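Asker: below are the sequence and a predicted model for it; my questions follow.
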Amino acid sequence: MTRDGSQDPDVVLVGGGIMSATLAALLGIVAPDWTIEVFESGSAAAGESSGPWNNAGTGHAALCELNYTPARPDGSVDASKAVGINEQFQVSRQFWSHLVRAGLTDSPKAFITSVPHISFVTGREGHSYMRNRYAALAPQPLFADLEFTDDHAELDSWVPLMMRDRGDREVLAATRSLAGTDVNFGALTRLLLDDAAGRGVGLHLSHRVLKTRRGTDGRWATTVKDLTTGRKRTVRSRFLFVGAGGGALPLLQGSGIPEIRGFGGFPVSGQFLRTRNPELVAQHQAKVYGQAKVGAPPMSVPHLDLRLIDGEQALLFGPYAGFSPKFLKAGSFWDLPRSVRTTNIGSMLGAGLANIPLTRYLIGQVLQSEKARFRALEEFVPTAESGDWDLITAGQRVQVIKQDETGRGILQFGTELVVGAEGTIAGLLGASPGASTAASAMLTLLERCFPQHIDAWRPRLQQAIPSYGRKLSADAALLAEVRDDTTRTLELQG
């Protein structure tokens, strides 16, 4: 804990992950006189979804993730979601660049490095899809550097580890972007929160938020327990942000806001195979995404990632889905049953009945043998040897379930911003692309929760994020300027 903190701050942020850290940084720019208190239940910041081994790290820019470019019935590819996600990631890059120039860190390589992003498919159907995907993306200014190949010799230069022992006649296709990055969101989160604490923001670790209710004066009375001393206290704030990852849903449910009615969550744990073998790592200096199996959710797209964490290089392959009723890795086995309410049981049951193939997939993943798990890796790396890889548990994700306009329960992939009580409370639910689009998500929060201030804040926001209020995909000159600036400031390869 940095200090005792104010009992009546302007803002309370629940959760010490990338979302709260980003919002604290943005408020430090537009409202530096506001008092802010951050409460994190863990003994360190970024211990859950923002942790570098807990899934967050690709630097999602839709350069290689095939689930963001679905095929239409006629075989053509819809690039709209990929363009939108890439646009949001450029917002994050601009914001990080601004903070680096302002003294966030002497070396941006502490949290971001250049890593090629590659999409890789096999078979004639995969080849056809990849050609159509390239045709849809290549004309887009944000994807101007995208390369396509189906030549084995060229693929061997791109992904030598994956090409060993493949037949000369095997049909393969891939795209590559050298604009990809690897982001250590744990390191970035800690940098942001340390910087915030230096400005007077109260950072309270090992403090669990127990409940929150809105008082008659409009302030949010949030009860917090110090896990070290057992002491409880109530903090009353004008605005409350619940950015506690999987822990956000129960807190929002307990807040009493009607906007959370109908929302449910189903926890999905993740596992990866990891190797630190330097010989293997040297042969795979890229992030490579394949295609998800039929019936598998978007979060299960197989990928072989180069990760650079605290000076160490490693490869991760997965994800493999698992199950735990916990909403956080450090959560409770009662998290799932306690989240079921009369207001959401209908949508949860409806979503389950409408997604029976997904249920079968998750059950199959949970029951998967070690040999079956390794066969999935061998599809990417034909020469893989089990002795080089160990299984690690990654982050806990909560799949969002919500009601559509007809009242039916549907799965909501991506992130969902829930705003209630005239904009005095907001919470973020969901997962990918998550951390990579944190700046964009928190800008949306500012616009929805503080519309009365946005006009006054706009000049400062545009100074920090030059494309704010404009589309890079529609402004080639601005895109070139932004790319040059962020590449230079973040010390990325051009």
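Answerer: Everything's here; your move. Numbers count the residues shown, from 1 in each chain.

Asker: element containing residue 224, please.
Answerer: Using DSSP states H and E, residue 224 falls within strand 220-226.

Asker: show me what contacts residue 246?
Answerer: For residue 246, the contacting residues are 48-49, 265, 267, 326-328, 331, 335, 396-398, by C-beta atoms under 8 Å, 6 or more residues apart in numbering. Any C-beta I mention is one placed from the backbone N, CA and C, and that applies to glycine too.

Asker: any idea which of those residues is closest to residue 421?
Answerer: Proximity of the contacts of residue 246 to residue 421 (C-beta to C-beta) peaks at residue 265, which lies at 21.0 Å.

Asker: residues in contact with the closest residue to residue 13 other than its chain neighbours?
Answerer: With C-beta to C-beta, 6 or more residues apart in numbering as the criterion, residue 13 has its nearest non-adjacent residue at 4.1 Å, and that residue is residue 20. With contact set as C-beta under 8 Å, 6+ apart, residue 20 has these partners: 13-14, 38, 193, 241, 243.

Asker: one more time with 10 Å, if that's ok
Answerer: 12-14, 36, 38-40, 45, 50, 189, 192-193, 196, 203, 241-244, 428, 438, 442 (C-beta atoms under 10 Å, 6 or more residues apart in numbering).

Asker: let's see which of those residues end up in helices.
Answerer: Per DSSP state H, helices hold the following members of these: 189, 192-193, 196, 438, 442.

Asker: pretty sure residue 307 is in a strand, no?
Answerer: Yes. Assignment of residue 307 by DSSP: H, G, I helix; E, B strand; the rest coil places it within a strand.

Asker: beta partners for the closest residue to residue 233 other than its chain neighbours?
Answerer: Distances taken as C-beta to C-beta, 6+ apart put residue 224 closest to residue 233, at 5.9 Å, once the chain neighbours are dropped. Under DSSP bridges, the beta-bridge partners of residue 224 are residue 209, residue 233.

Asker: now the helix or strand harbouring residue 136: buried residues?
Answerer: Assigned by DSSP H and E, residue 136 belongs to helix 123-137. Under the neighbour-count criterion of 16 or more other C-beta atoms under 10 Å, helix 123-137 has 126-127, 129-134, 136-137 buried.

Asker: show me what it is packed against.
Answerer: If contacts are counted by 3 or more C-beta pairs under 10 Å, 6 or more residues apart in numbering; DSSP states H and E, helix 123-137 sits against helix 80-101, strand 117-122, strand 147-149, strand 172-177.

Asker: in CSV: these, plus mean neighbour count and mean pLDDT.
Answerer: Listed next are these as CSV, based on neighbours: other C-beta atoms under 10 Å; pLDDT from 0 to 100:
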stretch, mean neighbour count, mean pLDDT
helix 80-101, 22, 97
strand 117-122, 24, 96
strand 147-149, 17, 98
strand 172-177, 23, 98
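
Asker: ok, which of those comes nearest residue 249?
Answerer: Using C-beta to C-beta as the measure, helix 80-101 is the one of the helices and strands packed on helix 123-137 that comes nearest residue 249, at 23.0 Å.

Asker: circling back to that earlier point, now distance to residue 368 too, for the helices and strands packed on helix 123-137, in JSON lines please.
Answerer: What follows is the helices and strands packed on helix 123-137, written out as JSON lines (distance: least, C-beta to C-beta, whole Å):
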{"stretch": "helix 80-101", "distance to residue 368": "29"}
{"stretch": "strand 117-122", "distance to residue 368": "21"}
{"stretch": "strand 147-149", "distance to residue 368": "33"}
{"stretch": "strand 172-177", "distance to residue 368": "26"}
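
Asker: out of those, flag the one nearest residue 478.
Answerer: Nearest of these (C-beta to C-beta): helix 80-101, 10.2 Å.

Asker: how far does that closest one sit from the chain's center?
Answerer: When distances are taken as C-alpha atoms, centre = their mean, to the nearest Å, helix 80-101 is centred 13 Å away from the chain's centroid.

Asker: next SSE after that helix?
Answerer: Going down the chain from helix 80-101, the next helix or strand is strand 112-114, by DSSP H and E.

Asker: show me what that following strand is packed against.
Answerer: Strand 112-114 is packed against helix 80-101, strand 181-183, helix 185-198, strand 303-309, with contacts defined by 3+ C-beta pairs under 10 Å, 6+ apart.

Asker: closest one to residue 119 among the ones you listed?
Answerer: With distances scored as C-beta to C-beta, the stretch of these nearest to residue 119 is strand 303-309 (9.6 Å).

Asker: name every strand pairing with the longest strand seen in the chain and say which way it goes.
Answerer: Using DSSP state E, we find that the single longest strand of the chain is strand 390-403. Listed by DSSP bridges, the sheet partners of strand 390-403 and their directions read strand 264-275 (antiparallel), strand 409-412 (antiparallel).

Asker: contact partners of the helix or strand following the longest one?
Answerer: Read it as strand 264-275. From strand 264-275 onward toward the C-terminus, using DSSP H and E, the following helix or strand is helix 278-282. Residues outside helix 278-282 that contact it (C-beta under 10 Å, 6+ apart) are 160-161, 275, 306-308, 312-315, 381, 383-385, 388-389.

Asker: most neighbours among the residues you listed, which one is it?
Answerer: Of all the contacts of helix 278-282, the highest neighbour tally under other C-beta atoms under 10 Å goes to residue 315, namely 26 neighbours.

Asker: residue contacts, that one?
Answerer: Contacts here follow C-beta under 10 Å, 6+ apart; on that basis residue 315 touches 161, 272-277, 280-281, 283-288, 304-307, 381, 388-389.

Asker: likewise for residue 147?
Answerer: When contacts are counted by C-beta under 10 Å, 6+ apart, residue 147 is found next to 116, 118, 134, 138, 154, 158, 174-178.

Asker: mean confidence for stretch 152-169?
Answerer: In this model, stretch 152-169 carries a mean pLDDT of 96.

Asker: check which residues of that stretch are buried.
Answerer: By neighbour count, and taking 16+ other C-beta under 10 Å as the criterion, the buried residues in stretch 152-169 are 155, 158-159, 161-163.

Asker: could those go into JSON lines alongside distance to residue 420 and secondary structure?
Answerer: As requested, the buried residues of stretch 152-169 are arranged in JSON lines below (distance: C-beta to C-beta, whole Å; DSSP: H, G, I helix; E, B strand; the rest coil):
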{"residue": "155", "distance to residue 420": "50", "secondary structure": "helix"}
{"residue": "158", "distance to residue 420": "48", "secondary structure": "helix"}
{"residue": "159", "distance to residue 420": "47", "secondary structure": "coil"}
{"residue": "161", "distance to residue 420": "49", "secondary structure": "helix"}
{"residue": "162", "distance to residue 420": "47", "secondary structure": "helix"}
{"residue": "163", "distance to residue 420": "52", "secondary structure": "helix"}
